[in-house]
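Student: give the three-dimensional model of this entry:
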Amino acid sequence: MLRRLSSVLAGISAISASLLIVTATPASASAAQPAAVGLLALRNGDITASDNSHYGVIVMNAWEAGRIPALKAANPGVKVLVYKDMSSTRSYAVRNGVDDAKLPTGLGYAFADRTHPEWFLTDNLNQRIEWDGYPDHWWMDVANPSYMDAWAANVSAELQANGWDGVMIDNAITSTSHYLVDGQSIPRYPDDASYANATETFLSTVSPRLRGNGFLVVPNMGGNSPSMDQYQRWVGITGGALREHFGRWGSDGNGLILTDWNWRHQIAQQEAAQARGLYLAVAYGRPSDTAFARYARSSFLLGWDGGPSSLLYTPPAGATDPWSPDWTTDVGLPAGPRTAVGNAWVRRFTDGVVVVNPGLTSATVNLGGTYVDPDGQRVGSVALGSGQGMVLRTVPGAASLPALPVPVVVPSSSASPTPAPAAAPPAGSTIASPGSGYWVLGEDGGVFSYGGAAFYGSLPGLGVKNHAVTLTPTPSGKGYWMLGADGGIFSFGDAAFYGSVPGLRLPAAVTAIDLQPTPDGGGYWILGADGGIFTFGNASFFGSVPGLGVRSKAVKITPTPSGNGYWVLGDDGGIFSFGDAGFHGSLPGIGVRNRSIALAATPTGNGYWVLGADGGIFTFGDAVFQGSVPGLGVRETGVQLRSTMSGAGYYVLSQRGQVFAFGDAPALGSPANLSIKGQDMAIVG
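Tutor: Predicted coordinates for the structure are as follows:
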């Protein structure tokens, strides 16, 4: 919620303030790839005409639509968004009983009062509710069907009529407490859960209509709320998000710096939003606060995907333009993923390197080469305290970037450094170019990447404590889904969120045990322990084990190559075929008594392998035997079986994290020596 904007607008005339979010385009990037530099201003004149060509995204109030032609003339690629609040209407924008022609909200107070009084939320005495601390701001019922319809129609018409590229929707919030007097409540939405559902209903209804007309939709979701499960759903709906309080709480420049879990959470939000579209981050700080400006800038770049997302460094009310080299340094585009080094992080760019320490102790980071720091000094290492960061340029005239090995982090104090944040690839992981590789999933949701399998995130990196069940890659190999035991879905990289079991609000809890995507990645199936099937996205339902009248403990679901069917594996090795999945045999059918763990289909769909608990492999149909764990003379408990793309090999993952490769499957390493409990593995390439 842009409280500063609301408080300023409430006390000034409707033509004297503007919200500007601007993005500069670096010399080393195209106009479609801005350098993630932004500005938030509440006054006219902060941005001069000569500067307009530098801006990639501008967000203004509706009454400044007349500036759009000049902005477009200065920079044809600029995206200009209009500010609109979703949860209030403003009586200060009424003159002689008539709403202003251009409003900061989607619908006018006078119009609502005259035609739809039911849109106003009321208290226990049936009185309309004014926002606490914001005179003339009135709560509206965001989930009222006619309100949503009128809001979408009105804003869409305004966007089209005035040449806007989209809308920044303020106050997409999960709680009414932000604008209520202590002890006050809204009967229509008695708790946070009910209001969060109302906000989601609004976004789900309004966003598709606006996006369907070709407009950008960027809601302000506040700070750490909503939950990551909600956040991923919401950005999947809207295609973007704005986050306030990036790097620090509060808007006066004196708030608590975000470190540790709070820092990791904001980076996870950034990556989730960027995977869906546009992300705008607002960092509140004084122009003179060099240390925070550098921390905010370096943190943002660490999570930046090289696209149109932007950091907006915003001074307290009344401050001057905060521009300075400390938060606008251009180091080009990302040249690799971020890497955790102790409690610090390093990421290389085409024209420099970024170092951030969100940990709780100081660290000195060896850069692996010479760079130029913000003060113009050539350095080979940097010392950072907790909550500090730095953006360094390559040495002018250097023929190439210095080699950047995994840096050595030396504590700057006698205190032991904190462990590496789990959002990074754990020790033993590698980051390689796309190609053949695999991920290993730990029981706590940690992800270990090998070969060409890039690291996209983990549950500990999100600050989530949940028993991870399954890791499944997207068809592109540039992301993966993670399934929690409660059926919750965590999406990383380009994995889209289509829903989760908790989101179905079933009357009884479900123990989720497996997830598999459709061939095009447009949906997925979730398997329950009783063999029940839950479909999301474009995944079709072809039947379930309970639907056959069978009581069996299910362990895996495997789609057919066409996606028009699937097999379900029981823990006794029984195979249940649905849709176009052919039955090619089962363990009970060949008289074998062995607890089954996993099933993998051949590329043709005319056969499958079954993994036993002891690592033994059983083949059916056109599946070819390439070896087994017992055949190696090794005693291991099997956990997962994954076949190669060719079908001429497979991997077996053991409970202690050991990866065994057979056939044409290349052995790329495993985290067994790290004493992790292996939960799942997935293959890319």
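Student: neighbours of Asp305, how many?
Tutor: Per other Cβ atoms under 10 Å, the neighbour tally for Asp305 reads 16. All C-beta spots, glycine's among them, are computed from the backbone N, C-alpha and C.
Student: which element is the nearest residue to it once chain neighbours are set aside on?
Tutor: Of all residues not flanking Asp305 in the chain, Gln274 sits nearest, at 4.5 Å (Cβ to Cβ, 6 or more residues apart in numbering). Following DSSP states H and E, one finds Gln274 within helix 260-276.
Student: for stretch 110-124, list every residue counted as buried.
Tutor: 110-113, 116, 119-123 (16 or more other Cβ atoms under 10 Å).
Student: which of these fall in strands?
Tutor: In strands, defined here by DSSP state E, there are no members of the buried residues of stretch 110-124.
Student: nearest to Arg656 among these?
Tutor: Leu121 (55.8 Å; Cβ to Cβ).
Student: skipping adjacent residues, who's closest to the closest one in space?
Tutor: Nearest to Leu121 is Trp139, by Cβ to Cβ, 6+ apart, at 4.0 Å.
Student: same question, Arg347
Tutor: Nearest to Arg347 is Arg338, by Cβ to Cβ, 6+ apart, at 4.1 Å.
Student: what confidence value was assigned to the one you found?
Tutor: The per-residue pLDDT reported for Arg338 equals 86.
Student: that one: neighbour count?
Tutor: Arg338 has 22 nearby residues by other Cβ under 10 Å.
Student: now it: how far from Asp351?
Tutor: 17 Å (Cβ to Cβ, to the nearest Å).
Student: go on, Thr314?
Tutor: Taken as Cβ to Cβ, the span from Thr314 to Asp351 is 26 Å.
Student: looking at those two, which one has more neighbours?
Tutor: Counted by other Cβ under 10 Å, Thr314 and Asp351 do not tie: Thr314 has more neighbours, with 24 against 19.
Student: average pLDDT across the strand or helix carrying Tyr83?
Tutor: Take DSSP H and E as the rule and Tyr83 turns out to sit in strand 79-85. Averaging pLDDT along strand 79-85 gives 90.
Student: cool, stretch 266-283 as well?
Tutor: 89.
Student: got it, and stretch 596-609?
Tutor: Mean predicted confidence for stretch 596-609 is 92.
Student: run the chain-centre distance for that stretch.
Tutor: 33 Å (Cα atoms, centre = their mean, to the nearest Å).
Student: which one's the longest helix in this protein?
Tutor: helix 192-212 (DSSP state H).
Student: helices or strands next to that one in the packing?
Tutor: helix 145-162, strand 166-170, strand 216-219, helix 228-238 (3 or more Cβ pairs under 8 Å, 6 or more residues apart in numbering; DSSP states H and E).
Student: let's see 7 Å
Tutor: Helices and strands touching helix 192-212, by 3 or more Cβ pairs under 7 Å, 6 or more residues apart in numbering; DSSP states H and E, are helix 145-162, strand 216-219, helix 228-238.
Student: tell me the most buried of those?
Tutor: strand 216-219 (a mean of 25; mean count of other Cβ atoms under 10 Å).
Student: report the strands that pair with that strand, each with its relative direction.
Tutor: strand 166-170 (parallel) (DSSP bridges).
Student: now the angle from the partner strand to helix 228-238?
Tutor: 150 degrees (axes from the mean of the first three to the mean of the last three Cα atoms, to 10 degrees).
Student: CA atoms of strand 166-170 as CSV?
Tutor: Extracted in CSV, the C-alpha atoms of strand 166-170 (Å, rounded to 0.1, in the frame of the first residue of the first chain):
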residue,chain,number,x,y,z
GLY,A,166,-1.5,-0.5,-18.1
VAL,A,167,-2.4,0.1,-14.5
MET,A,168,-0.7,0.0,-11.1
ILE,A,169,-3.4,-1.3,-8.7
ASP,A,170,-2.8,-0.1,-5.2
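Student: residues in contact with it: which ones?
Tutor: For strand 166-170, the surrounding residues in contact (Cβ atoms under 7 Å, 6 or more residues apart in numbering) are 1-2, 59, 79, 81-86, 155, 159, 210, 215-220, 242.
Student: in stretch 298-313, what counts as buried?
Tutor: Across stretch 298-313, burial judged by 16+ other Cβ under 10 Å covers 298-306, 308-313.
Student: just those now: which is nearest Val510?
Tutor: If you rank the buried residues of stretch 298-313 by distance to Val510 using Cβ to Cβ, Gly303 comes first, at 32.9 Å.
Student: tell me the spacing between that closest one and Tyr195.
Tutor: Gly303 is 29 Å from Tyr195, by Cβ to Cβ.
Student: my guess is Phe111 contacts Asp99, does it?
Tutor: Yes - Phe111 is within contact range of Asp99, at 5.7 Å (criterion: Cβ atoms under 7 Å).
Student: got the angle for the helix holding Gln274 vs helix 228-238?
Tutor: Using the same axes, to 10 degrees: helix 260-276 against helix 228-238 is 20 degrees.
Student: helices or strands next to helix 260-276 in the packing?
Tutor: Using 3+ Cβ pairs under 7 Å, 6+ apart: helix 260-276 touches helix 228-238, strand 240-243, strand 278-284, helix 290-303, helix 459-462.
Student: mean pLDDT for the ones you listed: which is lowest?
Tutor: Across the helices and strands packed on helix 260-276, the lowest-scoring stretch is helix 459-462, with a mean of 74.
Student: adjacent strands (with direction) for the following helix or strand past it?
Tutor: Sequence order places strand 468-473 as the next helix or strand after helix 459-462, per DSSP H and E. Strand 468-473 pairs in its sheet with strand 479-484 (antiparallel), by DSSP bridges.
Student: any idea how far the partner strand is from the middle of the chain?
Tutor: 12 Å.
Student: what's the angle from the following helix or strand past that strand to strand 468-473?
Tutor: Remark: after strand 479-484, the chain's next helix or strand is strand 489-493, criterion DSSP H and E. Orientation check (the same axes, to 10 degrees): strand 489-493 against strand 468-473 gives 40 degrees.
Student: tell me what whichever helix or strand comes after strand 489-493 is packed against?
Tutor: Going down the chain from strand 489-493, the next helix or strand is strand 512-517, by DSSP H and E. The helices and strands touching strand 512-517, judged by 3+ Cβ pairs under 7 Å, 6+ apart, are strand 468-473, strand 479-484, strand 523-528, strand 554-559.
Student: which residues are contacting strand 512-517?
Tutor: 469-470, 472, 474, 481, 483, 485-487, 501, 523-529, 554-559.
Student: select only the buried ones of those residues in ChimeraX?
Tutor: Burial among these is assessed by 16+ other Cβ under 10 Å; the matching ChimeraX selection reads:
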select :469,470,472,474,481,483,485,487,501,523,524,525,526,527,528,554,555,556,557,558,559
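Student: show me the beta-bridge partners of the closest residue to Tyr295 other than its chain neighbours.
Tutor: In this structure, Tyr295 finds its nearest non-sequential neighbour in Gly389, 4.3 Å apart by Cβ to Cβ, 6+ apart. Going by DSSP bridges, Gly389 is paired in beta bridges with Val356.
Student: ok, longest strand in the chain?
Tutor: Max-length strand for the chain by DSSP E is strand 363-372.
Student: I'd like the next helix or strand past that strand.
Tutor: Counting by DSSP H and E, what follows strand 363-372 is strand 378-384.
Student: which strands or helices does that following strand pack on?
Tutor: strand 352-357, strand 363-372.
Student: if we can go back for a sec, give me the distance between the residue nearest to Arg347 and Arg378.
Tutor: For Arg338 relative to Arg378 (Cβ to Cβ), the value is 23 Å.
Student: cool, Tyr279 as well?
Tutor: In terms of Cβ to Cβ, Tyr279 sits 33 Å off from Arg378.
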